[in-house]
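>>> Got a sequence here, can you build the structure:
(one chain, ligands or ions: 2)
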Amino acid sequence: MKISFHGAAGCVTGSNYLIETDRFRFVVDCGMFQGNKTLKENNYRAFTYDPATIDFALVTHAHIDHTGLFPKLVKHGFKGPIYATPPTVDLLKHLLPDSAHIQEIEVMQKNRRNERKGLPPIEPIYDGTDAANAIALMKGVEHYASFAPVAGCKVTFHNAGHVLGSSFIEIELEDKGKKRKIIFSGDLGEDDKPILNDPDRFTETDFLVVESTYGNRNREQNSKEDRLAGLAEVFKRAEKRGGKLIIPAFALERTQDLLHDILILKQQKKISGIKVVVDSPLATEITKVFVKYPECYDEDASEIMKKMGGLFDHPDFRFTNSVDESKALNDEKRIVILSASGMCDAGRIKHHLKHNLWNPANTVLFVGYQAEGTLGRLLLEGAKTVRIHGEEVAVGAQIEQITGYSGHADQNGLINWLSGVKEVRQQVFVVHGEPDAADEFAALLNSKFGFRAVAPRMNEVFELLADQPSAKPVKITPARPVETPKSVDSHNLYAELMLKLAEFMRSSKDEKTRRETLSKILSQV
Ligand SMILES: [Zn+2]
Ligand SMILES: [Zn+2]
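Ligands and ions are numbered 1, 2, ... in the order given. Alright, predicted model coming up:
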């Protein structure tokens, strides 16, 4: 029995793990690599295993970095069932076609550039038909309803409290007369986050595969009270400035979390009657899926829903439909705009930023993780100018951040989740983190709980049936050399250099200094 790591190993995105026994093989998640160009190139490479030989697949949750390559898996021969919770399946009916659409557009643009350069055209990773084929293979299984995809394998989904329908997965396997339990954490939410019930816990396992997005960091403003107070403060300051409040928000969960909290603040009369516009067709569709599953709501959400007659249909909330409606928002002043994508690297949010960033009356509020190399990260790091759609845009707007909305447990949250665990008999694999975060978290698990923990890298393979847990896991040399994707690649550095050069030319008035500095750089390349 073996486990191998084909994504989210040495990086955050691209979750994809393969478990093999002599009788069956299955994958847990099949996510897309997101972030810079070097990471994204992984999406175009062939799978390191043959998709046609995989018997079934399990999904922890709907996020694209866990599901975005299922259509590719199907395109390359996978025909088995894909098991996920019913809300996850419903969310993927919107997220996968959206992902296919984004790629088709990206590839079209890339091919136009390639044609001009005399390069051959590239094919999209998959298209809408592949996405539909993947959705057709999905089977909904409720939390806690154990099932056996094949003989010798029992699977149970537990609530991970991360996004609607999210699970950590308990897998009990039998092979060669031996039993092994493996728990995949998926992505873990915090206790007390908006709308969703707190993550379930487990007490014992043989192996644990755990995420480490915030494995070496703790956030401030983590309590519900801090989060709500922080949001009310930002609303007040934004209204004083008199312009718009623009919130880049992921279409899934963050948008609904914010509407939930804004509704609470409205009910408590802590914010004014300012209008809130959700300007993302995907977020609108996803909000409808939330409405379908009120049984996933925690006590607070159920209570405010009862008091206000609904979570998402307050008279101050508006969902745009057409592109014209979205464009018309340019002329409005005192409004709150929630728009995707959450890291500002695609979607309508880029238009809103292009039209509004220059104006000091406006506010941009970040409520989520901003990956290295994204426009969101540049803004958070205080860039004075940014490039949007090929144009340089000055940053005059106030940039604000509330960290309490992260979908991920921070280091304390992860430790808290694990504090009830009595036993990890064999090994912890720390995944879904930048190399530093994963390594530090693995070391912490060892020193704090005495767990044998390791942070595997891409394509590494480990044996799971060894009798005696060794100090080091039984590692098998992978067929393909291990390559750890870099979070900052040459394309990121190039973009940064171009921005700095433009800034230098603007700010340095002395011709001699300009000539000397530029000559120095030119002599290097
Ligand atoms: Zn996630
Ligand atoms: Zn993730």
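>>> Number of residues surrounding the closest residue to ligand 1 within the stretch 351-500 of the chain?
Using C-beta to the ion, the point where the stretch 351-500 of the chain gets nearest to ligand 1 is G407, with a distance of 5.9 Å. C-beta: built from backbone N, CA, C; applies to glycine. When neighbours are counted by other C-beta atoms under 10 Å, G407 registers 26.
>>> OK, contacts around it?
Listed by C-beta atoms under 8 Å, 6 or more residues apart in numbering, the contact partners of G407 are H162, V163, D187, G189, K193, F250, E253, R254, G368, Y369.
>>> Around ligand 1, which positions in the protein sit nearby?
Within the chain, the residues that sit near ligand 1 (C-beta under 5 Å from the ion) are H63, D187.
>>> which secondary element of the chain has the worst mean pLDDT?
Counting by mean pLDDT, DSSP states H and E, the chain has its least confident helix or strand at strand 475-476, which shows a mean of 65.
>>> State the next helix or strand along the chain beyond it.
helix 490-507 (DSSP states H and E).
>>> so how far is that following helix from its chain's centroid?
Chain-centre distance of helix 490-507: 28 Å, with C-alpha atoms, centre = their mean, to the nearest Å.
>>> Identify all contacting residues around that helix.
Helix 490-507 is contacted by residues 36-38, 372-373, 383-387, 392, 514, 517, 521 when judged by C-beta under 8 Å, 6+ apart.
>>> Now flag whichever of the residues you listed is closest to ligand 2.
Nearest to ligand 2 out of the contacts of helix 490-507 is E372 (C-beta to the ion; 15.3 Å).
>>> for the stretch 51-200 of the chain, what spans make up the helices?
Under the criterion DSSP state H, counting those that start in this stretch, the stretch 51-200 of the chain contains helices at 64-67, 70-75, 86-117, 128-136.
>>> of those helices, which approaches K2 most closely?
Closest approach to K2 among these (C-beta to C-beta): helix 70-75, 18.8 Å.
>>> pLDDT on that closest one, on average?
If you average the pLDDT over helix 70-75, you get 98.
>>> so A134 sits right up against I82, yeah?
Yes: with contacts counted by C-beta atoms under 8 Å, A134 reaches I82, the gap being 6.9 Å.
>>> can you list residues touching both of those two?
Each of F70 lies in contact with both A134 and I82 under the rule C-beta under 8 Å, 6+ apart.
>>> Tell me the residues of this structure that contact ligand 2?
On the criterion C-beta under 5 Å from the ion, ligand 2 has as its neighbours in the chain the residues D65, D187.
>>> run the last query once more with 8 Å
Contacts of the chain with ligand 2, taken as C-beta under 8 Å from the ion, map to 8, 12-13, 15, 31, 61, 63, 65-66, 186-187, 211, 213, 408, 432.
>>> ok, of these, which come out buried?
For the residues of the chain next to ligand 2, a neighbour count by 16 or more other C-beta atoms under 10 Å gives the buried set as 8, 12-13, 15, 31, 61, 63, 65-66, 186-187, 211, 213, 408, 432.
>>> Return the per-residue confidence for the residue nearest to L96 when sequence neighbours are not counted.
What sits nearest to L96 in space, not counting adjacent residues and going by C-beta to C-beta, 6 or more residues apart in numbering, is A131, at 4.1 Å. For A131, the model assigns a pLDDT of 98.
>>> Would you agree P51 is in contact with L73?
Yes: counting by C-beta under 8 Å, P51 sits close enough to L73 to count as a contact (4.7 Å).
>>> for E104, what are its contacts?
If you count contacts by C-beta under 8 Å, 6+ apart, E104 has them with P124, D127, G128.
>>> got those residues as TSV, with neighbour count, distance to A145 and pLDDT columns?
Formatted as TSV, these follow (neighbours: other C-beta atoms under 10 Å; distance: C-beta to C-beta, whole Å; pLDDT from 0 to 100):
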residue	neighbour count	distance to A145	pLDDT
P124	20	36	92
D127	17	33	95
G128	17	31	96
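>>> What separation do you get for the residue in the stretch 1-150 of the chain that ligand 2 sits nearest to and H314?
When scored by C-beta to the ion, the stretch 1-150 of the chain has D65 as its residue closest to ligand 2, at 4.5 Å. Using C-beta to C-beta, to the nearest Å, D65 is found at 31 Å from H314.
>>> Please name the nearest non-neighbouring residue to whichever residue of the stretch 401-525 of the chain sits closest to ligand 2.
In the stretch 401-525 of the chain, no residue comes nearer to ligand 2 than H432, which is 5.7 Å away by C-beta to the ion. Excluding the flanking residues, the one nearest H432 by C-beta to C-beta, 6+ apart is E211, at 3.8 Å.
>>> right, and the one you found touches I183 too?
No: judged on C-beta under 8 Å, E211 makes no contact with I183 at a distance of 11.7 Å.
>>> Could you report the pLDDT at D200?
The per-residue pLDDT reported for D200 equals 97.
>>> residues in contact with it?
D200 is in contact with H158, N159, A160, G161, F168, counting by C-beta under 8 Å, 6+ apart.
>>> follow-up on the earlier one: confirm for me that the residue of the stretch 1-150 of the chain closest to ligand 2 is in contact with N16.
No: D65 lies out of contact with N16 (C-beta under 8 Å); the separation is 9.8 Å.
>>> give the contact list for D127.
A100, Q103, E104.
>>> what's the distance between whichever residue of the stretch 101-250 of the chain sits closest to ligand 1 and L137?
Scanning the stretch 101-250 of the chain for proximity to ligand 1 using C-beta to the ion identifies D187 as nearest, at 3.6 Å. As defined by C-beta to C-beta, D187 lies at a distance of 22 Å from L137.
>>> same deal with P199?
When C-beta to C-beta is applied, the distance between P199 and L137 equals 27 Å.
>>> Closest to V234 out of the contacts of D127?
Q103 (34.2 Å).
>>> Excluding sequence neighbours, find me the nearest residue to the closest one.
Setting aside the residues directly before and after it, Q103 is nearest to P124 in space (C-beta to C-beta, 6+ apart), at 4.7 Å.
>>> my guess is that neighbour meets V107, correct?
Yes: P124 sits in contact with V107 when judged by C-beta under 8 Å, with a separation of 4.3 Å.
>>> Can you name the residues that contact the spatially closest residue to G14 that is not a sequence neighbour?
Once its chain neighbours are removed from consideration, G14 has its nearest residue in G7; the separation is 2.9 Å (C-beta to C-beta, 6+ apart). Counting by C-beta under 8 Å, 6+ apart, G7 touches T13, G14, S15, N16, D29, G31, F33, N42, M458.
>>> okay, now D298: neighbour count?
Burial of D298 is recorded as 16 neighbouring residues (other C-beta under 10 Å).
>>> For it, which non-adjacent residue is spatially closest?
Spatial nearest neighbour of D298, chain neighbours left out: N197 (4.8 Å); criterion: C-beta to C-beta, 6+ apart.
>>> Next, the contact list for H63, please.
Shown in contact with H63 (C-beta under 8 Å, 6+ apart): G31, V163, D187, L252.
>>> which of those residues lies closest to D300?
The shortest gap between D300 and any of the contacts of H63 belongs to V163, at 17.0 Å (C-beta to C-beta).
>>> quick one, phi psi at that closest one?
The main-chain torsion angles of V163 are listed as degrees, to the nearest 10 and equal phi -140, psi 170.
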